[in-house]
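J.: Quick one, what's the 3D model for this:
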Amino acid sequence: MNGQNRNDIKQGLKVAIVLKQDQRSGNLTEGIVQDLLTNSSFHPHGIKVRLTDGQVGRVQKILEE
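T.: Next comes the predicted model:
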């Protein structure tokens, strides 16, 4: 499942995000969602989240339901 729909993403979910500095390379960072930062229900590049370690990026994949 991709990370474009806000309804699919909840706190505590394990996801893979792309950080701002990794958008060109496409490197993914895995982590647990702490906060949802995108207010709209859909975003074509992925919902922006903050992970529990403080990193911020857009969800590319949901790893665990």
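
J.: contacts, neighbours, all on C-alpha from now
T.: Noted.

J.: got the contact list for the strand or helix carrying Gln60?
T.: Assigned by DSSP states H and E, Gln60 falls within strand 56-62. With CA atoms under 8 Å, 6 or more residues apart in numbering as the test, strand 56-62 has contacts from 1-4, 9, 13-20, 28, 45-50.

J.: Tell me which residues touch Gln55, please.
T.: With CA under 8 Å, 6+ apart, Gln55 has these contacts: Leu19.

J.: so how far is Ala16 from it?
T.: 11 Å (CA to CA, to the nearest Å).

J.: mind checking the longest strand of this structure?
T.: strand 28-36 (DSSP state E).

J.: on that earlier part again, show the buried residues in the contacts of strand 56-62.
T.: 2-4, 9, 13-19, 28, 46-50 (16 or more other CA atoms under 10 Å).

J.: coming back round to it: tell me which strands the strand holding Gln60 pairs with, and in which orientation.
T.: strand 14-19 (antiparallel), strand 48-51 (antiparallel) (DSSP bridges).

J.: partner residues bridging the closest residue to Leu19 other than its chain neighbours?
T.: Once flanking residues are discounted, Leu19 sits nearest to Gly57: 4.5 Å by CA to CA, 6 or more residues apart in numbering. Beta bridges link Gly57 to Leu19, Val49, judged by DSSP bridges.

J.: Mind pulling up the pLDDT for Gly57?
T.: Listed pLDDT for Gly57 reads 98.

J.: go on, Glu64?
T.: 82.

J.: please begin residue numbering at 316 from this point
T.: All right, first residue 316 from here; so that's Glu379.

J.: Quick check: it touching Leu328?
T.: Yes: with contacts counted by CA atoms under 8 Å, Glu379 reaches Leu328, the gap being 6.4 Å.

J.: ok, back up a step: make JSON lines out of the strands paired with strand 371-377 and add mean pLDDT.
T.: Below are the strands paired with strand 371-377 laid out as JSON lines (pLDDT from 0 to 100):
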{"stretch": "strand 329-334", "mean pLDDT": "97"}
{"stretch": "strand 363-366", "mean pLDDT": "98"}
